[in-house]
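Novice: Have a look; sequence and predicted model below, questions after that.
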Amino acid sequence: MEFDIGLGPRRAKPAKEPWNELEGGRVDETQTETAARTNAKLLGRPGNPLRRDQKLSSVGQKGGAVGRQPHPSRGALEERETEVGFELPDLLTERRLGNVKAVGGPSEVQFLGHGDEGIEAPQVRQLTHAQIISISPNSLLHPHERIGQTEAMGKNKPPAKYSAVGLLWRGLRKQSWPRVWREPEFKSTYDVVIIGGGVHGLATAYYLASNHGITNVAVVDKQYLGSGGSGRNTAIVRSNYLTPEGVAFYDRSLDLYNSMSNDLNLNVMFSERGHLTLAHTDSALRTMNWRAEVNKLQGINSSVITPAEIKKLTPSLDVSADTRYPILGALYHPPGGTIRHDAVVWGYARGADAYGVDLHQKTEVLDILVEGGSGPEGKGPGGKVTGVRTSKGDIHAPIVVNCTAGWASQLSNMAGVTLPITTHPLQAAVTEPVKTFLPTVVVSGSLHVYVSQTDRGELVFGASVDPVATYNMGGTLEFTEELAGHVLELMPGISKMRLLRQWAGLCDMTPDYSPVMGPTPVDGFYVDVGWGTYGFKAGPVSGEQMAACVANGTTPELIKPFELSRFTEGTLVGEKGAAAVGH
């Protein structure tokens, strides 16, 4: 964000004296011939954040300037507070260069904060009654609830900004970075409670705040943020699914992943390296051709390639005809790739927190409060959500969103809603790091294995879900033996590599391998569950669409095919052909 003077003459920049600590920020004390000059931070009005859909076109938004100013009689510098009014004419609604007009207060204000505004260096500007400060397009002044400091916020971006200049500035001033997110006080009332602090829950909270101005939101998780499937997946993203509904949905998610580093101002390390789904049989090759044609009709870059082309892309794969499972071809999806799952969690958490969303870790949901339903204790169809009971106390809220993945059916049962979901463990493993040799993501449905290489050189493996439904996340020797054998059939040259560790996560599987999203028979209770082994790929679009569903009270077209009612209406969305292995 850049501040500049639109009207009125500029004065020569005054000489600077050493920094002084005032009101928790640094204020530059200056000595000039002008007596009535105050140099200070511009502070916003606490407790009144501006919403994106708010139209501000009149003078009256007031802030305070705190700094040093000569005393009228003694002439000595002392701390003194004053008010500065500013105007935002149609800045949020017309997407044009907005202006902030100074209508009172000191003749000079220094726009300088604690770094969250994205201001890289102190900028001193003189203000008179008729002068105007020019603001970059699509930015706004956002009075932060916690500290009341005016912050610059892009249309779809949280206010905090990391940059090389900011890093240098903090280093020279020996300032530490602010916490990535707060540890908020527990409140008893919110507009929306989201259960689950993974990518889906955090993305929903972020888009509720950024796209719809709903900031009185709590995200609760019984452990730490990203402790579930969001921190246990193998971080593969793609959009080459089987059904038109699935393709459109996941392609939107891939678009959001592509722009995420810029949108959230955090490097999520997205690597577009291409995605190969191998075909070892004639029937598998027919499925690949089917998927390719569906993808092309939806505008997705996807095609079936020959073994020779596969070898050219990934030389380490054995494409000879004398292997146990010969490779007959592959579905090649160039936009597919990998992304750092932890960074995605941190980015959404940081962004949601900046908008004022409360993130409550170590807060287990013990019950969902419902009244007026046809089931026991007033729960079930026909009822209405009134809040949740947690390990820290009750929270009253008219809307509760279930984003708990493998625990989805247990949480929904608390509201009297039965979901057609079973929970299965999914195991994964990682090797020691070696020199990069695998440029693409490789998946084999017939061998039930997928593999990719990280930037550090580790090979990350995964397979299909365990056949028995359970909540046990312990690793098994059977998984390791079977996985190693299948990987070596694809790449015999890695037989000397050592396996470092293995882990597991819980997958919420539906009969048609598609999610369950949207409202339920209990008023105010929403679900974003049933993601099986492919939930991480859909995190951004799920959050975006669920936020729109909650904010507008209607189900967006993109997620209508995934409503719970499809299981009684017989309109299933069969994705098993594209998601049986999960990647």
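Specialist: Good, I have the coordinates. The structure displayed is predicted, hence computed values, not measured ones.

Novice: middle-most residue in this structure, spatially?
Specialist: residue 348 (3.2 Å; Cα atoms, centre = their mean).

Novice: Check it and give its pLDDT.
Specialist: Looking at residue 348, its pLDDT reads 96.

Novice: would you say it is within a helix?
Specialist: Yes. Under DSSP: H, G, I helix; E, B strand; the rest coil, residue 348 falls within a helix.

Novice: Give the residue spans of the protein that score low on pLDDT.
Specialist: 1-160, 577-583 (pLDDT under 70).

Novice: Per the annotation, how does it divide into domains?
Specialist: 4-173, 192-230+341-421+512-579, 272-335+423-507 (automatic domain parsing).

Novice: Give me the nearest residue to residue 418, chain neighbours excluded.
Specialist: residue 412 (7.2 Å; Cβ to Cβ, 6 or more residues apart in numbering). Every C-beta, even on glycine, is put in place using the N, C-alpha and C of the backbone.

Novice: Go through the host helix or strand of that neighbour and flag the buried ones.
Specialist: Assigned by DSSP states H and E, residue 412 falls within helix 408-414. Neighbour-count burial for helix 408-414 flags 408-409, 411-412, 414 (criterion: 16 or more other Cβ atoms under 10 Å).

Novice: Also stretch 256-274?
Specialist: So, applying 16+ other Cβ under 10 Å, buried residues of stretch 256-274: 256-258, 260-261, 263-266, 268-271, 273-274.

Novice: Which parts of this protein are helices?
Specialist: Here the chain has its helices, by DSSP state H, at 164-173, 199-212, 244-258, 260-264, 282-297, 307-313, 341-354, 408-414, 477-490, 539-552, 566-569, 576-579.

Novice: same for the second one, what does it pack against?
Specialist: The reference is to helix 199-212. strand 192-195, strand 217-220, helix 341-354, strand 525-529, helix 539-552 (3 or more Cβ pairs under 8 Å, 6 or more residues apart in numbering; DSSP states H and E).

Novice: how far out from the middle of the chain is it?
Specialist: Its chain's C-alpha centre and that of helix 199-212 lie 7 Å apart, by Cα atoms, centre = their mean, to the nearest Å.

Novice: What angle do helix 539-552 and it make with each other?
Specialist: For helix 199-212 against helix 539-552, the angle by axes from the mean of the first three to the mean of the last three Cα atoms, to 10 degrees is 50 degrees.

Novice: The residue nearest to the centre of the chain reaches residue 197, doesn't it?
Specialist: No. Using Cβ atoms under 8 Å, residue 348 is not in contact with residue 197; the gap is 9.8 Å.

Novice: ok, which pair from the buried residues of stretch 256-274 is furthest apart?
Specialist: 265 and 274 (27.2 Å; Cβ to Cβ).

Novice: Go through the helices and strands packed on helix 199-212 and name the closest to residue 483.
Specialist: Here helix 341-354 is closest among the helices and strands packed on helix 199-212 (Cβ to Cβ), at 20.1 Å.

Novice: what's the offset of that closest one from the middle of its chain?
Specialist: With Cα atoms, centre = their mean, you get 5 Å for helix 341-354.
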